[in-house]
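Peer 1: let me see the structure of the following:
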Amino acid sequence: MKLRVAHRLVAPSVVPLLGGALRIAGIAEGDAAPMDSRFVQDPLPVLLHIVAGNLFGVLGAFQFESGLRRTWPRWHRHAGRVLVLSGLLTAATGVWMTLRYPIPVPLQGGLLFWVRLAVGSGMALALVLAVRVVLAGNVASHDAWMLRAYALAQGAGTQVLFLLPPALWSGQPVTGTPRDALMTAAWVTNLLVAEYRIRRAAIRGQASHSSRNRAVRWQLRQANSGLARGCPRSQADATAESWPVTNGRSGRAWSEGRQQERRPVGLCPLLGLSR
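Peer 2: You can find the predicted model right below:
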């Protein structure tokens, strides 16, 4: 089975995964970097945030793989429960750290403060809505809300791509308003890409549905014309009943409705061979 989606989604998680591991090691040894000194006094929230966020990023990548969902649907459901819990924990700890940790102004200005609160709250809301709609049977909306939550959670990976080039160019970390703006732009970029994927999937679904309906109508016209010419009932029934529900009615029900509307005139009604 080819994992066409998972490897592309896991790749942005590699740098945050390595960075989180180094941060955990530094906190555990009491040798944290200067910018991480605020975590030493109260390490539990950041440790939970790193572990839950990395789990959400890696496990979530495989949840979007359609082949895995079809092959192992039970695994998808069980992993989805773990994913939602880890995502909610990631969002909650992110909001908590924004509110409680004394983050220096060069690392978090007013813009980034409010953006982080919005991202954490939006991620939690997206996960709750994803669970709600899937319990109602709306799989397409479930996929869309999970993708939005995943896009927000993957902000750290995109932020590396935005912050690294200017840091390498200037030879020092990006701070102040430029840092706030670049980190905000990373989250916005992720959301725009997610919305583009959602819209494209919706257009594909509509095109596929329309094409399937045209195929159903063509087959039913063939079946109806066969009835009018006097073909056996079993053959027409097999053709009509072999199609899935279309517009809320089965193929046979749709065929019978069309029969009543059009009242075919052929050999069958004249010879008393009508259905």
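Peer 1: show me where the stretch 51-200 of the chain has its strands.
Peer 2: For the stretch 51-200 of the chain, no strands are identified by DSSP state E, counting those that start in this stretch.
Peer 1: could you give the mean pLDDT of stretch 153-167?
Peer 2: Stretch 153-167 shows an average pLDDT of 90 in the prediction.
Peer 1: quick check: buried residues in that stretch?
Peer 2: Residues Ala153, Gln154, Gly155, Ala156, Gly157, Thr158, Gln159, Val160, Phe162, Leu163 are the ones in stretch 153-167 that count as buried (16 or more other CB atoms under 10 Å). Glycine gets a C-beta too; all of them are placed from N, C-alpha and C.
Peer 1: one more: stretch 67-78?
Peer 2: Buried positions in stretch 67-78, judged by neighbour count with 16+ other CB under 10 Å: Leu68, Arg69, His76.
Peer 1: touching, the first one and Phe62? I think so.
Peer 2: Yes. Applying CB atoms under 8 Å as the test, Leu68 and Phe62 come out as touching, 5.9 Å apart.
Peer 1: hang on, the earlier thing: turn the buried residues of stretch 153-167 into a markdown table, columns for distance to Thr184.
Peer 2: A markdown table is the format used below for the buried residues of stretch 153-167 (distance: CB to CB, whole Å):
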| residue | distance to Thr184 |
| --- | --- |
| Ala153 | 16 |
| Gln154 | 15 |
| Gly155 | 9 |
| Ala156 | 13 |
| Gly157 | 15 |
| Thr158 | 11 |
| Gln159 | 9 |
| Val160 | 15 |
| Phe162 | 10 |
| Leu163 | 12 |
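Peer 1: list just the nearest of those residues to Met183.
Peer 2: Gln159 (5.1 Å; CB to CB).
Peer 1: you'd agree that closest one is up against Met183?
Peer 2: Yes. Under the criterion of CB under 8 Å, Gln159 makes contact with Met183 at 5.1 Å.
Peer 1: mind listing which of the buried residues of stretch 67-78 are in helices?
Peer 2: Taking DSSP state H, the ones among those that sit in helices are Leu68, Arg69, His76.
Peer 1: OK, contacts around the second one?
Peer 2: So that's Arg69. Neighbouring residues of Arg69 by CB atoms under 8 Å, 6 or more residues apart in numbering: Gln63, His76.
Peer 1: local confidence estimate at it?
Peer 2: Looking at Arg69, its pLDDT reads 80.
Peer 1: next one: the last one
Peer 2: His76 carries a pLDDT score of 89 in this model.
Peer 1: looking at it, it is touching Ser66, isn't it?
Peer 2: No. Judged on CB under 8 Å, His76 makes no contact with Ser66 at a distance of 10.0 Å.
Peer 1: please enumerate the helices of the protein.
Peer 2: For the chain, the helices defined by DSSP H occupy 6-10, 14-29, 44-63, 66-71, 73-100, 110-135, 139-153, 155-170, 176-229, 233-241, 251-262, 267-270.
Peer 1: list the contacts of the residue lying closest to Ser13 once chain neighbours are set aside.
Peer 2: In space, and not counting its chain neighbours, Ser13 is closest to Gly57: 3.9 Å by CB to CB, 6 or more residues apart in numbering. Gly57 makes contact with Leu9, Val10, Pro12, Ser13, Pro16, Leu17, Tyr150, Ala153, Gln154, Gly157, according to CB under 8 Å, 6+ apart.
Peer 1: and if you look at Val174?
Peer 2: The neighbourhood of Val174, defined by CB under 8 Å, 6+ apart, consists of Leu163, Pro166, Ala167, Leu182.
Peer 1: make it 6 Å
Peer 2: Leu163, Pro166, Ala167 (CB atoms under 6 Å, 6 or more residues apart in numbering).
Peer 1: same check on Val134?
Peer 2: Neighbouring residues of Val134 by CB under 6 Å, 6+ apart: His142.
Peer 1: again, but for Pro178
Peer 2: For Pro178, the contact set (CB under 6 Å, 6+ apart) is empty.
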